[in-house]
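**Student:** Everything below, folded, please.
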Amino acid sequence: MENATAQEPYLRTSVLVVGGSIVGLATAMFLAARGVPTIVIERHPSSSPHPRATGFYPRTLETFRTVGLDVSFPGAKTGDSPRRRRVESLTGTWFEEQNWTPKSESDTPKQKASDFSMYKGIGIAQDRLEPLLRQRASELGADVRMATTMLSFTQDETGVTAELRSPDGDLYQVRAQYLVAADGGDSQIREKLGIARTGVGHIRTVRSVLFTADLDEYLSSGANQFSIDQPDFNAFLSTYNDGRWILMFSDDEERDETQLLEMIHRAIGPRKVDVELVTTGRWKLGGLVAERFSDGRIFLAGDCAHALPPNRGGFGANTGIEDAHNLAWKLAAVLAGESAPELLETYDAERRPIAVLRHDQIFARDDINVSLGVSLPKVELFDDAAMELGQLYRSSAVLGAGPDLPPARMPDQWNGQPGTRAPHLWVEADGERTSTIDLLTHEWTVVASSAPWAAAAAGMEAETGISVTALLLGTDIVSPDGDDVAAAFGLAPGGAALIRPDGYIAWRSGPADDPRAALAHALAHVASAARAAQALQEGTTR
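**Tutor:** I've put the predicted structure just below:
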């Protein structure tokens, strides 16, 4: 980053991220890991005292792994999807377990996302996770500025200029090539850009109270969320697995400390328990998705792009983190001159349909946070693992993802379909056991079943300006567990798959007469490789 001078009044950076909560920090972290000069600003001096999100996907943990962040530490509870019980109170009568994904009609146990990843999900409060993201982003080179407010912004054909106010009250300007708006559901940036939102809309506003109490004995059944069901009292009770609990009411009524304690004890039941109030919250429940995720050089991410209600699918923060992961490699490629700016158009094309799909899936399920009298057309329900690890991208950054394909499917049913996440398999590379995820989430990579593809990949940087790594099955990677890696990627003998830097499959081919030309042609399209595209137009690529 270049500091402002008398001759140059701006502080310059490649990307300015507005909003330093979980999605903004993730964006800065992913960008910094790719060497992109990034400033992230947050108007608050620290993380919110209200923990907010608590459940994070295996896929989220995979993206963290790509930048060397491990959040599996003591106090972070690992496991699959949270379980919820309807109860009179914790010490009263317990009723049925409430399922998020509808039960299977067969006796076959449902597959979980952790069946297709090296990770299980993790339960960690957002206010515990954000400092880890902040630290890692800073370690990687991001400039994180807390208690800093953006007062205004303008954009033109070459960048965005923002006026900021420092913690000391000083005013200064930042000039960035791109801006990422991660400033929440009430985003002022989105409002100024005039980007409308569609969806269920606002349903109701509710209150909550965060408190501490020794209630861990009630978690022994495996349930950690509870629907409180009493004749004149309905609420939602859950734990952050660190002694803190949240009680969410079904109304927007303001209660004093005495009333809050009374309601907490009603949810616990007739047992004397020491309770300490921590803070209260006020929540908007509803569903809204922005009509577009970009405007010129400005991109929307997280709640700014899609405000989704809290639910056991964890589609809010997790969806935003994947926004960040999707956008970061594309910005890095364009800023490095490897890809043309057209690549950035695929951000909206890929991420907005996922947000809409998850919006519709949330409101199609019988979940306490969305059983609010909303009536939507019937939609096909997808399993949790399909939604998380089996989503499909359709854009110009993918070749072969046609409109006939469903928007999601169980991961093991895709078999290397372009537009889907490359499958996780334990393999051996360079004599070490590792996951395919570790090998396929940093740069463009060809997974090949024959040597000519590896030779073709070696010449791609000179021809297209994009470096491509080749992994030859049986030589560079082998399966110590006997898994058929070629079948998992859907590779015919002599075929190859091209994997994007975010670990998604961009293109797949059978045997080719001229692998070099075929690979260069694919890169010209899916990577918006300017040099390759120009060569195609001039007819110099054989």
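**Student:** mean confidence for stretch 268-280?
**Tutor:** Averaging pLDDT along stretch 268-280 yields 90.
**Student:** what does stretch 151-158 give?
**Tutor:** The model assigns stretch 151-158 a mean pLDDT of 97.
**Student:** Same check on stretch 36-54?
**Tutor:** 87.
**Student:** tell me which residues of it are tucked away?
**Tutor:** 36-42, 47, 50-54 (16 or more other C-beta atoms under 10 Å). All C-beta spots, glycine's among them, are computed from the backbone N, C-alpha and C.
**Student:** Export it to CSV, keeping only CA atoms.
**Tutor:** Extracted as CSV, the C-alpha positions of stretch 36-54 are listed here (Å, rounded to 0.1, in the frame of the first residue of the first chain):
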residue,chain,number,x,y,z
VAL,A,36,-3.4,-8.5,-2.9
PRO,A,37,-2.8,-5.2,-1.0
THR,A,38,-5.9,-4.8,1.1
ILE,A,39,-7.3,-2.4,3.6
VAL,A,40,-10.3,-3.5,5.7
ILE,A,41,-12.2,-1.0,7.8
GLU,A,42,-14.7,-1.6,10.6
ARG,A,43,-16.6,1.1,12.3
HIS,A,44,-16.8,-0.7,15.7
PRO,A,45,-13.7,-0.9,17.9
SER,A,46,-14.0,-4.7,18.3
SER,A,47,-16.3,-7.6,17.6
SER,A,48,-19.9,-7.4,18.6
PRO,A,49,-20.5,-8.5,22.3
HIS,A,50,-23.4,-10.6,21.0
PRO,A,51,-21.8,-13.8,19.5
ARG,A,52,-24.3,-14.1,16.6
ALA,A,53,-23.3,-17.0,14.3
THR,A,54,-22.0,-20.1,15.9
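**Student:** hmm, back to that, take the buried residues of stretch 36-54 and write them to CSV, including distance to residue 122 and secondary structure.
**Tutor:** Shown next, in CSV, are those (distance: C-beta to C-beta, whole Å; DSSP: H, G, I helix; E, B strand; the rest coil):
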residue, distance to residue 122, secondary structure
36, 27, coil
37, 30, coil
38, 25, strand
39, 29, strand
40, 23, strand
41, 28, strand
42, 23, coil
47, 17, coil
50, 19, coil
51, 14, coil
52, 15, coil
53, 11, coil
54, 9, coil
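**Student:** and which of these is nearest to residue 490?
**Tutor:** residue 36 (32.8 Å; C-beta to C-beta).
**Student:** so the closest one sits right up against residue 15, yeah?
**Tutor:** Yes: with contacts counted by C-beta atoms under 8 Å, residue 36 reaches residue 15, the gap being 5.8 Å.
**Student:** who touches both of those two?
**Tutor:** 331, 335 (C-beta atoms under 8 Å, 6 or more residues apart in numbering).
**Student:** Residue 293 and residue 406: what is the separation?
**Tutor:** Plainly put, residue 293 is 22 Å away from residue 406 if you go by C-beta to C-beta, to the nearest Å.
**Student:** And for residue 166?
**Tutor:** Taking C-beta to C-beta, one finds residue 166 at 49 Å from residue 406.
**Student:** any idea whether the residue nearest to residue 459 when sequence neighbours are not counted is helix, strand or coil?
**Tutor:** Nearest-residue entry for residue 459: residue 516, 6.1 Å, with adjacent residues in sequence omitted and distances by C-beta to C-beta, 6 or more residues apart in numbering. Secondary structure state of residue 516, per DSSP: H, G, I helix; E, B strand; the rest coil, is helix.
**Student:** I'd assumed residue 453 was in contact with residue 516.
**Tutor:** No: between residue 516 and residue 453 there is no contact under C-beta under 8 Å: 9.2 Å.
**Student:** Would you mind telling me which of these two has more residues around it?
**Tutor:** residue 453 (29 against 19; other C-beta atoms under 10 Å).
**Student:** can you map out the helices along the stretch 251-400 of the chain?
**Tutor:** Listed in chain order, the helices of the stretch 251-400 of the chain (DSSP state H, counting those that start in this stretch) span 257-268, 317-335, 345-364, 384-389.
**Student:** Which residues does the first one contact?
**Tutor:** In this case it means helix 257-268. Contacts of helix 257-268 (C-beta under 8 Å, 6+ apart): 89-91, 209, 211, 213, 215, 226, 228, 230, 233, 235, 237, 247, 249, 255, 273, 275, 277, 280.
**Student:** buried set for it?
**Tutor:** 260, 261, 263, 264, 265, 266, 267, 268.
**Student:** if I look at the last one, how far off is residue 278?
**Tutor:** By that I understand residue 268. 16 Å.
**Student:** Can you name the residues that contact residue 32?
**Tutor:** Counting by C-beta under 8 Å, 6+ apart, the residues that residue 32 touches are 38, 137, 140, 141, 142.
**Student:** Looking at the residues you listed, which is nearest residue 340?
**Tutor:** Using C-beta to C-beta, those come closest to residue 340 at residue 38, 21.4 Å.
**Student:** Would you enumerate the residues in contact with the closest one?
**Tutor:** Neighbours of residue 38 in contact, by C-beta under 8 Å, 6+ apart: 13-17, 27-28, 31-32, 137, 141-143.
**Student:** So in terms of bridging, what pairs with it?
**Tutor:** Beta-bridge pairing of residue 38 under DSSP bridges involves residue 15.
**Student:** Could you measure from it over to residue 131?
**Tutor:** 18 Å.
**Student:** Kindly report the same for residue 239.
**Tutor:** Residue 239 is 20 Å from residue 131, by C-beta to C-beta.
**Student:** neighbour-wise, which of the two wins?
**Tutor:** The neighbour comparison of residue 239 against residue 131 (other C-beta under 10 Å) goes to residue 239, with 22 against 12.
**Student:** if I pick that one, what's in contact with it?
**Tutor:** 215, 219, 224, 245, 246.
**Student:** Okay, now the unreliable bits of the stretch 101-250 of the chain?
**Tutor:** 101-110 (pLDDT under 70).
**Student:** For it, which segments count as helices?
**Tutor:** Under DSSP H, counting those that start in this stretch, the stretch 101-250 of the chain gives helices at 126-139, 188-193.
**Student:** Show me what the shortest one is packed against.
**Tutor:** In this structure, helix 188-193 packs against strand 171-181, strand 298-300, with contacts taken as 3 or more C-beta pairs under 8 Å, 6 or more residues apart in numbering; DSSP states H and E.
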